[in-house]
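Engineer: Show me how the following folds:
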Amino acid sequence: VLGLLVWALIADTTYHLHAAYGWVMFVSIFFWIVTVLFFVTYLLQLQLKFYMIPWPLVLMIFNAAATILYVTAFVTCAAAVQPTSWRQWDSNRSAAAIFFACLVMITYGASTFFSFRAWRGLGSNAATSQVTDHA
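Structural biologist: I've put the predicted structure just below:
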């Protein structure tokens, strides 16, 4: 939902006058669509049909890539805003897009952390996995 807000706020500005907003639009649209596809995949439990795909690893890589690219989109959007522009409504929408891009970046970062933990295993390590019960 937050990525959709970034997309809508940038699309409502005169983004075609600033080439930097094209990158922000690409990142927000691309990752919104792919996130919806992953959501539908998990909602319909299609990952059970494609058991040969390492889903925790795929999600970790996707979330890490989304975090990195949203960092670049956030910085690009923040650098491209012109608060002294004669179009005050554009700078207000750009500022809101910066805020929501920051929220999306933090959300994907948290998802990366949790998907890394899921990929690695929930709290297990080599020492606890070697212990056997001989009682």
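
Engineer: Which residues belonging to the strand or helix carrying Val58 are considered buried?
Structural biologist: Using DSSP states H and E, Val58 maps to helix 55-80. Buried residues in helix 55-80, counting neighbours by 16 or more other Cβ atoms under 10 Å, are found at 55-56, 59-60, 62-64, 66-67, 69-71, 73-74, 76-78, 80. Bear in mind the C-beta positions are built from the backbone N, C-alpha and C, glycine included.

Engineer: continuing past it, what's the next helix or strand?
Structural biologist: helix 88-120.

Engineer: what comes up buried for that following helix?
Structural biologist: Quick answer for helix 88-120 (16+ other Cβ under 10 Å): 90-91, 93-94, 96-105, 107-109, 111-112, 115.

Engineer: what angle do that helix and helix 55-80 make?
Structural biologist: Going by axes from the mean of the first three to the mean of the last three Cα atoms, to 10 degrees, helix 88-120 is angled at 160 degrees with respect to helix 55-80.

Engineer: what mean pLDDT does helix 88-120 have?
Structural biologist: Per-region confidence: helix 88-120 scores 84 on mean pLDDT.

Engineer: Any stretches of the chain with poor pLDDT?
Structural biologist: 7, 12-18, 82-90, 122-135 (pLDDT under 70).

Engineer: what do you get if the cut-off is 50, keeping everything else the same?
Structural biologist: Applying pLDDT under 50 to the chain picks out no residues at all.

Engineer: if I read this right, Leu2 contacts Met105, doesn't it?
Structural biologist: No: Leu2 is not in contact with Met105 according to Cβ atoms under 8 Å; the separation is 9.5 Å.

Engineer: hey, what's in contact with both of those two?
Structural biologist: Counting by Cβ atoms under 8 Å, 6 or more residues apart in numbering, no residue touches both Leu2 and Met105.
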